[in-house]
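Asker: I would like to see how this sequence folds:
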Amino acid sequence: MNENIIIYTDGAARGNPGPGGYGTVLISGKHRKELSDGFNLTTNNRMELLAVIAGLEALKKEGSNVTIYSDSKYVVDSVEKNWVFNWEKKSFKDKKNPDLWKRFLKIYKKHNIKFVWIKGHANIKENERCDQLAVEASFKSSLKEDFGYIENKDL
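Answerer: A predicted model of the protein is given here:
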């Protein structure tokens, strides 16, 4: 039987670009897991997408039924409106964040995924928690380098 998993995600950047972070909450039955990380120089959209990737990469079983709740129109519309699949056919020519989109597509194809857009800062408990995790991660004393941003920032 395929597992039913709920993932809430959020990304943050202090400045765009600037220090940033992501927060992810995974829920499956009575199990709950929180993920977050921070980066020295990145963008809000990269952190929104990385939050989704981190959640999906944390899944242990392929073929899971996953519902992802995100307040990012960039991420939700890119998938639900099939834009990313057209970008993939064109090798992401002139598109931002190709490194993350390629990483996303690799894991996306292993599960049954549905995206749901939710309004940010609307008192949705798990989305608020993701926002808190993302912002806190952006303030960590030792932030990672977002090499994908650095390499592709001129696109």
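Asker: and the residue lying closest to Lys119 once chain neighbours are set aside, how many neighbours does it have?
Answerer: Counting by CB to CB, 6 or more residues apart in numbering, Asp71 is the residue found nearest to Lys119 once chain neighbours are left out, at 6.4 Å. Where you see a C-beta, it was placed from the backbone N, CA and C, and this is true even at glycine. Neighbourhood size, Asp71 [other CB atoms under 10 Å]: 21.
Asker: reduced to three states, what does Gly20 come out as?
Answerer: For Gly20, the assignment made with DSSP: H, G, I helix; E, B strand; the rest coil gives strand.
Asker: what about it, neighbour count?
Answerer: Applying other CB under 10 Å, we find 31 residues neighbouring Gly20.
Asker: if we can go back for a sec, got a pLDDT number for the residue nearest to Lys119?
Answerer: pLDDT for Asp71: 97.
Asker: for Lys30, see how far away it is.
Answerer: Separation of Asp71 from Lys30 (CB to CB, to the nearest Å) stands at 26 Å.
Asker: list the beta-bridge partners for Gly18.
Answerer: Gly18 has the following beta-bridge partners by DSSP bridges: Thr42.
Asker: so it sits right up against Leu41, yeah?
Answerer: Yes: Gly18 lies in contact with Leu41 (CB atoms under 8 Å); the separation is 6.9 Å.
Asker: all strands of the chain, in order?
Answerer: 4-13, 18-28, 31-42, 65-70, 112-117 (DSSP state E).
Asker: can I get those in a markdown table with distance to Ala51?
Answerer: As requested, the strands of the chain are exported to a markdown table (distance: least, CB to CB, whole Å):
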| stretch | distance to Ala51 |
| --- | --- |
| strand 4-13 | 4 |
| strand 18-28 | 4 |
| strand 31-42 | 8 |
| strand 65-70 | 8 |
| strand 112-117 | 12 |
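Asker: out of those, nearest to Glu151?
Answerer: With CB to CB, the closest approach to Glu151 among the strands of the chain belongs to strand 31-42: 11.8 Å.
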